[in-house]
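Student: Here is a sequence with its predicted model. Questions after.
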Amino acid sequence: MMKEYNFHNIEPKWQDTWEAENAYRTEETSDKPKLFCLDYFPYPSGDGLHVGHCRNYIPTDVISRCYRMKGYNVLHPMGWDAFGLPAENEAIRLKRNPREITVRNTANFKRQLKLLGTSYDWEREINSSDPTYYRWTQWFFLLLYKRGLAYEKESDQWWCPTCKTVLANEQVKEGQCWRCGSTVEKKLLKQWFFRITDYADRLADDLDTVDWPERIKIMQRNWIGKSVGADVMFDVRSARDGSSHPTTIFTTRLDTIMGATFMVLAPEHPLVPRIVAEEKRSEVEAYIALSKTKTEIDRLSTEKEKTGVFTGAYAINPYSGDRIPVWIADYVLMGYGSGAIMAVPGHDGRDFAFASNYGLEIRQVISWPDVIYDATTWSDTYAEHGTLVNSGRFDGLSTEKAFEAMVADGNARGVTKAQTNYHMRDWLISRQRYWGAPIPMVHCPACGTVPVPEDQLPVLLPDVESYEPSGTGESPLAGIEDWVTTTCPVCGGPARRETDTMDGFACSSWYELRYTSPHNDNAPFDRAAVDYWLPVDLYVGGAEHAVMHLLYSRFWTKVMYDEGLVGFTEPFARLMNQGMLLSYDGQKMSKSRHNVITPDEVVEQYGADTLRLYELFMAPFEQEVAWSKEGISGAHRFLKRVWDLIQRTIEASHGSQTNAVVSGLELQINRLTRKITDDVEKFKFNTAVAAFMEYLNFLSDAVRADETVLASSLWQMSAKQLLVLLAPFVPHLTEELWHEYGYRTSVHAEPWPTWDESKCLEEEVEIAVQVNGKVRGSILVPANATDEEMGTLALAQEFVTRYTDGHVVKRIVAIRGKIVNIVVQ
RNA sequence: GCCGAAGUGGCGGAACUGGCAGACGCAGCAGACUCAAAAUCUGCCGGGGUAACACCCGUGUGGGUUCAAUUCCCUCCUUCGGCACCA
């Protein structure tokens, strides 16, 4: 009587065994090659994992298991990004302490991850909200401060009224909070920033050195937004008293400067009150007031009308000498460049729209061979490069040449200098919230703002009765008087602690390093361990962190490199993004839609091995796909068929050996081994699973034809090799069958099978025969047949002569192992 | 508006470097087993056409290169993702 595939017994049994034997502990020191295989740092939400989250945990587990079998020392750790807004918001909603919530949630996540049969080294588990961890997050803050990369500044910042805190630019998507979706507002507050803009060039350039999806690199480059141009000084004359105010504008198109017919200042530009004409004053002030409210309310309207007001003042164009009017308009932003532009309506769409609205002069300064200039039909499509006209001594130069000549010319006269600007702003890291690492700074009335000395870290997050955000722009910590009150580390006098906490993204900017030495009490990490393990060889997670975590983390790494703490400049050598897993209704899985599928329910019905196999099989790794309730049964059927066939194979192994031969078996097992090895390397798990299925179909057909093959030696060997290849994909089923064979050691400790390339070749191949590109039949030829032999054999076929008789054969194309094409007439 | 990715059977998808489009799986249809159902096993399964062959059409659209195009080039359409007045 054959045993049934009882995954309910098998899976917990092996999970307990592996845990008891500490089967997946990472070796501390080793001569083996290393692989650091890392999942994104998860925030342990109270909802737990759904099957969509498994879409990255399963593949990284397959990779880790596979590389262990290949003889690598593998670091595959897991920990919790527990600090931050999401955890705190959940705690507030449940009216529970965030610390309690975190303990409960991480336990549940861990249970679910174990349920999947993952092979994490749990001895290296970390938690960003633990003082032994955030002590070092604070230590890095001090490092940044010491290097002049952390500073305080009062400015208008994005404020989320629901989360009651400020947000960094990267954390505002289409005018909404990245976490809760509320429309954000501007609020004037004193805030801590990290000077990430100092690293803009390196952050952009070093993208060329990493193996990441091109899409993510492009998003980062766009975000950094490097633009090369020039600063030019325009002399603005006050309309009030005629006084001179040299004012810088930034342009990437210096070559068009002879076409600058007016100048525009941002409404907030500090020069405005000093130059505005008396009779324009009320109109200008009204516009400034209006634009302040407008940016908040109308941010999302797509095609905003370009509006502005004339200040009454004029400026001198330093190249043409023209006297041009100075306007203010809200399409010029104070936060970029110098908050002032030269407007070239002839060759810029925005300036053109503005000039058209207010009847300002439009002048052509670039010409193209096939374009006739006509002021009435002029449009923003003519911003491309060409040849200069109406530009005096620069006429006839190409735009590129003119740019250089004009920089040199202006440079000599002291009005122009080459300049590069960036879209990216400094990273705002203060949060007016409780659940984060306290910023380790002290405000002393005598000494000013001073850092907490390293030996006094961590600045512990105090227990607090109410951790609800106040909404006043102050953190809940500000209300804890005996925590806030402290002594100044410099003068010993009374002082007050900084009450803001750090953005949760600070915690995740260095966590990968902590895994190499998670219990180190003397430093954030052991240098030797980091030198061995880093950079991360394979980093896997969703695409949603393209310009947040991944940018911040790269920045911290470069700072550490500059400080001499690490020997590399990029933390993640290879990055992969898994596709989103939609629910069976094609919608995103969410509690509110009631369409969440949990691994718990799937494991209960089909087992973890089936879940793993199905998630790997359902679509290419990077592609979005919808869950199919029926589809998973195919994966389960496959595993039952493997189970049954191996059971029969084991049974047959107890009898006497036969000499039965399965034609092509050696070819198939060698090809399968090669295919699985390649596909795992390339993250093509779906085709790897398909290859297993094809192989099983091949074996099934062979057994049906002749049952005695089960007891042949090649069959026995091939069946075992199938188990070993399948082990990283379905660890429990393979382990059970491996032990049923009588082995006492784990299948996961087996060496990864190799293949013989010469045995992957067939002796005879079937190739298609075409006449004039249409398939008319196929022939069987020796694999080493020459082009002539293939052509001759093809021409002799009845299905070919039918088309060639009465025609002239012009050409025969023969491609070895593929096709013969006979071209007639 | 700009940047990027992608369009293949009823569905998820496969196709090396240009070489027989639809591997593998799901669903469906027919049959075997069964009193019956489930499970399992076997066969069929892009469209037209045929008694069955033959044959014709077919990878979003229209063109091009080639002996040969899902694959390369150009045009357009659609969907998804990112950025959104960055001078």
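Tutor: Noted; the coordinates are in hand. As the structure is a prediction and not an experimental result, all values here were calculated from the model.
Student: Let me know whether residue A:724 touches residue A:748 as I believe.
Tutor: No: the criterion here is CB atoms under 8 Å, and residue A:724 misses it with residue A:748 at 9.3 Å. From N, CA and C alone the C-beta is placed, and that goes for glycine too.
Student: Name the residue closest to the centre of chain A, please.
Tutor: With distances taken as CA atoms, centre = their mean, residue A:546 lies nearest the centre of chain A, 3.7 Å away.
Student: Residues of the stretch 151-300 of chain A that sit close to RNA strand B?
Tutor: By CB under 7 Å from any atom of the strand, the part of the stretch 151-300 of chain A that sits against RNA strand B consists of A:173-174, A:214-215, A:218-219, A:222-223, A:225, A:227, A:229, A:250-253, A:266.
Student: Out of those residues, the closest to residue A:668 would be?
Tutor: residue A:214 (36.1 Å; CB to CB).
Student: Residues contacting stretch A:618-636, please?
Tutor: If you take CB atoms under 8 Å, 6 or more residues apart in numbering as the criterion, stretch A:618-636 is touched by A:51, A:55, A:59, A:213, A:576-586, A:597, A:602, A:606-607, A:610-611, A:613-614, A:617, A:683-686, A:689.
Student: Helices - which of these land there?
Tutor: When DSSP state H defines the helices, the subset of these inside them is A:55, A:59, A:602, A:606, A:610, A:611, A:613, A:614, A:617, A:685, A:686, A:689.
Student: ok, of those, which come out buried?
Tutor: Buried subset of these (neighbour count, 16 or more other CB atoms under 10 Å): A:55, A:59, A:602, A:606, A:610, A:611, A:613, A:614, A:617, A:685, A:686, A:689.
Student: quick one: pLDDT of the fourth one?
Tutor: At residue A:606, the pLDDT value in this model is 95.
Student: Give me the subset of the residues of the stretch 151-300 of chain A next to RNA strand B lying in strands.
Tutor: Using DSSP state E, A:173, A:227, A:229, A:250, A:251 are the members of these that sit in strands.
Student: So, low pLDDT: which residues of chain A?
Tutor: By pLDDT under 70, the low-scoring segments of chain A are A:1, A:294-304, A:369-383.
Student: what residues go with each domain of it?
Tutor: For chain A, whose domains are defined here by automatic domain parsing, the residue ranges read A:138-223+A:428-502, A:227-421, A:629-759, A:762-824.
Student: Reformat those as JSON lines; add distance to residue A:29.
Tutor: Formatted as JSON lines, the entries for the domains of chain A read as follows, by distance: least, CB to CB, whole Å:
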{"stretch": "domain A:138-223+A:428-502", "distance to residue A:29": "26"}
{"stretch": "domain A:227-421", "distance to residue A:29": "46"}
{"stretch": "domain A:629-759", "distance to residue A:29": "19"}
{"stretch": "domain A:762-824", "distance to residue A:29": "46"}
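Student: Spit out the contact partners of residue A:811.
Tutor: Under the criterion of CB under 8 Å, 6+ apart, the contact partners of residue A:811 comprise A:822, A:823.
Student: on that earlier part again, between the buried ones among the ones in helices among the contacts of stretch A:618-636, which is nearest RNA strand B?
Tutor: RNA strand B lies nearest to residue A:686 out of those, by CB to the nearest atom of the strand, at 5.4 Å.
Student: What's the separation between the closest residue to RNA strand B within the stretch 1-150 of chain A and residue A:612?
Tutor: With CB to the nearest atom of the strand, the shortest gap between the stretch 1-150 of chain A and RNA strand B falls at residue A:4, namely 9.7 Å. Residue A:4 sits 20 Å away from residue A:612, going by CB to CB, to the nearest Å.
Student: More neighbours: these two, which one.
Tutor: Remark: of residue A:4 and residue A:612, residue A:612 carries more neighbours, 31 against 11, as counted by other CB atoms under 10 Å.
Student: Surely residue A:3 is in contact with residue A:646?
Tutor: No: because the distance of 10.4 Å does not satisfy CB under 8 Å, residue A:3 is recorded as not touching residue A:646.
Student: neighbour-wise, which of these two wins?
Tutor: When neighbours are counted by other CB under 10 Å, residue A:3 and residue A:646 differ, and residue A:646 comes out ahead with 23 against 12.
Student: In space, what's closest to the residue nearest to the centre of chain A - neighbours in sequence excluded?
Tutor: Ranked by CB to CB, 6 or more residues apart in numbering and with sequence neighbours excluded, the top spatial neighbour of residue A:546 is residue A:219, at 4.4 Å.
Student: count of residues packed around the one you found?
Tutor: A total of 16 residues lie near residue A:219 under the criterion other CB under 10 Å.
Student: My understanding was that it contacts residue A:547; is that so?
Tutor: Yes: counting by CB under 8 Å, residue A:547 is a contact partner of residue A:219 at 5.7 Å.
Student: Wondering if the longest helix belonging to chain A reaches RNA strand B at all.
Tutor: Taking DSSP H as the criterion, chain A has its longest helix at helix A:631-653. Yes: Helix A:631-653 is in contact with RNA strand B by CB under 7 Å from any atom of the strand, via A:631, A:633, A:634, A:635, A:637, A:638, A:640, A:641.
Student: which one of those is nearest RNA strand B?
Tutor: The nearest member of the residues of helix A:631-653 next to RNA strand B to RNA strand B, counting by CB to the nearest atom of the strand, is residue A:634 at 2.6 Å.
Student: Please tell me how far the closest one sits from residue A:595.
Tutor: Between residue A:634 and residue A:595 the computed distance is 21 Å (CB to CB).
Student: do the same with residue A:130
Tutor: Taken as CB to CB, the span from residue A:130 to residue A:595 is 35 Å.
Student: ditto for residue A:616
Tutor: With the distance defined as CB to CB, residue A:616 ends up 22 Å from residue A:595.
Student: and the two? which has more neighbours close in?
Tutor: residue A:616 (21 against 17).
Student: Looks like that one contacts residue A:58 (just checking).
Tutor: Yes: the pair residue A:616 / residue A:58 is scored as a contact, 6.3 Å apart, by CB under 8 Å.
Student: Kindly report the residues of the stretch 601-750 of chain A close to RNA strand B.
Tutor: Counting by CB under 7 Å from any atom of the strand, the residues of the stretch 601-750 of chain A near RNA strand B are A:617-620, A:623-626, A:628, A:630-631, A:633-635, A:637-638, A:640-641, A:684, A:686-687, A:689-690, A:693-694, A:697, A:700-701, A:704.
Student: Please pick the buried ones from those residues.
Tutor: A:617, A:618, A:619, A:625, A:635, A:638, A:641, A:684, A:686, A:689, A:693.
Student: biggest separation within those residues, which pair?
Tutor: A:625 and A:641 (23.9 Å).
Student: Doesn't residue A:246 belong to a strand?
Tutor: Yes: assessed with DSSP: H, G, I helix; E, B strand; the rest coil, residue A:246 lies in a strand.
Student: what sits against it?
Tutor: Contacts of residue A:246 by CB under 8 Å, 6+ apart are A:233, A:234, A:235, A:236.
Student: Contact partners for the second one?
Tutor: The reference is to residue A:234. Contacts for residue A:234 (CB under 8 Å, 6+ apart) come out as A:246, A:247, A:248, A:249, A:263, A:315, A:316, A:317, A:318, A:340, A:342.
Student: Helix or strand for the closest residue to it other than its chain neighbours, just tell me which one.
Tutor: If the residues on either side of it in the chain are set aside, residue A:234 comes closest to residue A:315, at 4.5 Å by CB to CB, 6+ apart. When secondary structure is defined by DSSP states H and E, residue A:315 falls within strand A:308-316.
Student: does that strand come close to RNA strand B?
Tutor: No: between strand A:308-316 and RNA strand B, judged by CB under 7 Å from any atom of the strand, nothing touches; the nearest distance is 10.2 Å.
Student: Okay, residue A:770 and residue A:785: tell me how far apart.
Tutor: Using CB to CB, we find residue A:770 at a distance of 17 Å from residue A:785.
Student: Correction: the previous question concerned residue A:185.
Tutor: Residue A:185 sits 76 Å away from residue A:785, going by CB to CB.
Student: Which of these two has more residues huddled nearby?
Tutor: Looking at residue A:185 and residue A:785 with other CB under 10 Å, you find the greater number of neighbours at residue A:785, namely 19 against 14.
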